[in-house]
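[1] Quick one: sequence and predicted model below, then my questions.
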Amino acid sequence: MTFENLNLIEPILKALKTEGYTTPTPIQAKSIPLILQKRDLLGCAQTGTGKTAAFSIPILQLLHEKQGSDRGQRKIKALILTPTRELALQIADSIEAYGKHTGLKHTVIFGGVPQKKQTDALRAGVDILVATPGRLLDLMAQKYIHLQHIELFVLDEADRMLDMGFVNDVKKVLKVLPEKKQSLFFSATMATEIMKLADTILVDPAKVEVTPVSSTANTIQQSVYYVKGPDKRKLLLHLLKDDAMESVLVFTRTKRGADRVAKDIAKAGVTAEAIHGNKAQNARVRALDNFKSRKTRVLVATDIAARGIDVDDLSHVVNYELPNEPETYVHRIGRTGRAGASGIALSFCGADEVPYLASIQKLISKNVPVIDNHPFPLTAKDFAEAASTVKEQKKQGGRGGRSRWGNKPAAASSNGSGDFSTQNRGNNGGGGQRTGGNRSNGNRNRSHRST
């Protein structure tokens, strides 16, 4: 199937050709015809599947076909609500690319920057508005934004929207939208809370599900290193000596941790920057641009800030700290291995993080190969001490009371004699696993990038 088979108009096909797009991804092939039929849509797709193009292309076509029937100043007819600034900018870039020949106007609004440039664009009139919830509500309260003419509404990354505590903001926006509209709802997961929210938005929706969040791309080579927390910095710097790690996205749990890791890497002579919610918007944009242009080799990010990061040919993702939510692991490593290219995902696991690894392996239905031939391995004593700590917390009714240590994961278990052993270890013949792997350098079909 090609984009020509989807009954797209010539202005959009021309733009897609310029962008190098030829073949739609599965979610694009399934969603675009349904949206063009003006159906409400419930889409479930993980990161990297191309869902932004899946909704922005048909929105552009539907609005383009109505141009000329509207007179006077442009009114906002499509609203795309998304949780982060980075994702909002990415969506706006996509609309700019696909809609360059349609004559439609769009703008993007988000917090953390002065509002004048945004309000000036709104005064000039726009057809499509991409927004984060906080700034949208703020400008609505100031009477810069009126949503009574909305014909198309998109709620993107709904699961992350709820994780970030935006559910009440979303509900406030929904209250002022016209009852009659076409609504599109996209989420990587479909938990009960997500489905309840979808039920309040959608009317008799078509459902599209592509690559559930429990799966990871086969093009991603995954491995885990057992390492003490204090040694993670040393291990990362050791791995970065490999030139094959040419473009590396490192994940930490906290903003402070991201700053610390980036500073340590830079001290070692490797170009690195951090990106997180406490950074000024211009600093975040600059850091991301430097990373995309390869001026910066390593970008250290928190999970929320990383939503919307779309970097071509990202060679490596490193989980400096394992996430406590297994779905987050899938989102993280999905930043590499996109569009059919190969990618490498490395995870550092301390003894206290083994329960997180167990949850991840259960979700993705596979054991992550263990690399034990490195300079900073954990010992059986380390694991015994961690297990003892969790057991003590459980006795005291503390936060560790819900530990999963009673059922040790296949990737980390003791043989009962104090001799720690691991199953599914990487068989590297004593030479260690080369972090670079085999990367595809063939021509990529750009229709598969997360656009």
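    Right, received. Where do you want to start? Numbers count the residues shown, from 1 in each chain.
[2] Dihedrals phi and psi, residue 249?
    phi -100, psi 120 (degrees, to the nearest 10).
[3] Please report the distance of it from residue 17.
    Applying Cβ to Cβ, to the nearest Å, the value for residue 249 to residue 17 is 30 Å. To be clear about C-beta, it is placed using only N, CA and C from the backbone, and glycine gets the same treatment.
[4] Looking at the two, which one has more neighbours?
    More neighbours surround residue 249 than the other of residue 249 and residue 17, with 24 against 12 (other Cβ atoms under 10 Å).
[5] Identify the bridge partners of the more buried one.
    Here residue 249 shows beta-bridge partners residue 299, residue 317, assigned using DSSP bridges.
[6] how far away is it from residue 274?
    The value you get for residue 249 to residue 274, if Cβ to Cβ is used, is 11 Å.
[7] Need the residues touching each of the two.
    299, 301 (Cβ atoms under 8 Å, 6 or more residues apart in numbering).
[8] so where do the strands sit in the stretch 151-300 of the chain?
    152-155, 182-187, 206-210, 220-226, 248-251, 272-275, 298-301 (DSSP state E, counting those that start in this stretch).
[9] Please produce a markdown table containing those strands, extended by distance to residue 235 and mean pLDDT.
    Listed next are these as a markdown table, based on distance: least, Cβ to Cβ, whole Å; pLDDT from 0 to 100:
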| stretch | distance to residue 235 | mean pLDDT |
| --- | --- | --- |
| strand 152-155 | 40 | 97 |
| strand 182-187 | 35 | 95 |
| strand 206-210 | 35 | 90 |
| strand 220-226 | 6 | 95 |
| strand 248-251 | 12 | 96 |
| strand 272-275 | 15 | 95 |
| strand 298-301 | 14 | 95 |
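[10] Quick one: closest of those strands to residue 101.
    Across those, residue 101 has its closest neighbour in strand 152-155 (19.5 Å, Cβ to Cβ).
[11] Tell me the buried residues in stretch 19-34?
    19, 21, 24-32, 34 (16 or more other Cβ atoms under 10 Å).
[12] Off-centre distance for that stretch?
    19 Å (Cα atoms, centre = their mean, to the nearest Å).
[13] and what of stretch 345-360?
    20 Å.
[14] could you give me the average pLDDT of that stretch?
    Average pLDDT, stretch 345-360: 94.
[15] Helices of the stretch 151-300 of the chain, residue ranges please.
    158-163, 167-176, 192-201, 232-239, 255-267, 281-292 (DSSP state H, counting those that start in this stretch).
[16] Figure out how far the fourth one is from the centre of its chain.
    Offset of helix 232-239 from its chain centre (Cα atoms, centre = their mean): 25 Å.
[17] pLDDT on it, on average?
    Mean predicted confidence for helix 232-239 is 97.
[18] what's the answer for the last one, then?
    Per-region confidence: helix 281-292 scores 86 on mean pLDDT.
[19] likewise the fifth one?
    The average of the pLDDT scores along helix 255-267 is 95.
[20] Could you check the angle that helix makes with helix 232-239?
    Here helix 255-267 runs at an angle of 40 degrees relative to helix 232-239 (axes from the mean of the first three to the mean of the last three Cα atoms, to 10 degrees).
[21] tell me the mean pLDDT over the helix or strand hosting residue 63?
    Element membership for residue 63, per DSSP states H and E: helix 51-66. Throughout helix 51-66, pLDDT has a mean value of 95.
[22] on contacts alone, who are the packing partners of that helix?
    Applying 3 or more Cβ pairs under 8 Å, 6 or more residues apart in numbering; DSSP states H and E, one finds that helix 51-66 contacts helix 10-19, helix 26-36, strand 41-45, strand 78-81, helix 85-98, strand 128-131, strand 152-155, strand 182-187.
[23] Any chance of CSV for the ones you listed, columns distance to residue 60?
    Listed next are the helices and strands packed on helix 51-66 as CSV, based on distance: least, Cβ to Cβ, whole Å:
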stretch, distance to residue 60
helix 10-19, 6
helix 26-36, 11
strand 41-45, 16
strand 78-81, 9
helix 85-98, 6
strand 128-131, 8
strand 152-155, 10
strand 182-187, 13
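[24] So which of the ones you listed is nearest residue 106?
    strand 128-131 (3.8 Å).
[25] Quickly run through the sheet partners of that closest one, with directions.
    strand 78-81 (parallel), strand 106-109 (parallel).
[26] Could you give the separation between the terminal residues of stretch 272-282?
    The first and final residues of stretch 272-282 sit 17 Å from each other (Cα to Cα, to the nearest Å).
[27] Could I get the buried residue list for that stretch?
    Those would be 272-276, 279, for stretch 272-282 by 16+ other Cβ under 10 Å.
[28] Quick one: residues in contact with it.
    Contacts for stretch 272-282 (Cβ under 8 Å, 6+ apart): 85, 110, 112-113, 255, 258-259, 261-262, 265-266, 284, 287-288, 290-291, 296-302, 304-306.
[29] With stretch 9-29 instead?
    Contacts of stretch 9-29 from elsewhere in the structure, counted by Cβ under 8 Å, 6+ apart, are 1-4, 6, 8, 32, 43, 45, 49-51, 53-54, 57, 60-61, 64-65, 97-102, 208, 210-211, 445-448.
[30] Give me the distance between that stretch and the centre of its chain.
    That offset, for stretch 9-29, works out to 22 Å (Cα atoms, centre = their mean).
[31] Now do the end-to-end distance for it.
    First-to-last residue span, stretch 9-29, Cα to Cα: 15 Å.
[32] what mean pLDDT does that stretch have?
    92.
[33] Heading C-terminal from whichever strand or helix holds residue 355, find the next helix or strand.
    Secondary structure from DSSP H and E places residue 355 in helix 354-364. Going down the chain from helix 354-364, the next helix or strand is helix 380-395, by DSSP H and E.
[34] between that following helix and helix 354-364, how many degrees?
    90 degrees.
[35] which strands and helices sit next to helix 380-395?
    strand 413-414.
[36] in which helix or strand would I find residue 102?
    Using DSSP H and E, residue 102 falls outside every helix and strand.
[37] what about it, how many residues close to it?
    Neighbours of residue 102 using other Cβ under 10 Å come to 20.
[38] Leaving aside the residues adjacent along the chain, what's closest to it?
    residue 64 (4.4 Å; Cβ to Cβ, 6 or more residues apart in numbering).
[39] Residue 354 and residue 365, how far apart?
    In terms of Cβ to Cβ, residue 354 sits 18 Å off from residue 365.
[40] More neighbours: which of these two?
    residue 354 (26 against 9).
[41] And this protein, split by domain according to the record?
    3-210, 220-441 (automatic domain parsing).
[42] For the first one, measure first residue to last.
    Meaning domain 3-210. So domain 3-210: terminal residues 18 Å apart, Cα to Cα.
[43] what does stretch 373-380 give?
    15 Å.
[44] mind checking how far that stretch is from the chain centre?
    31 Å.
[45] Okay then, goodbye and thanks.
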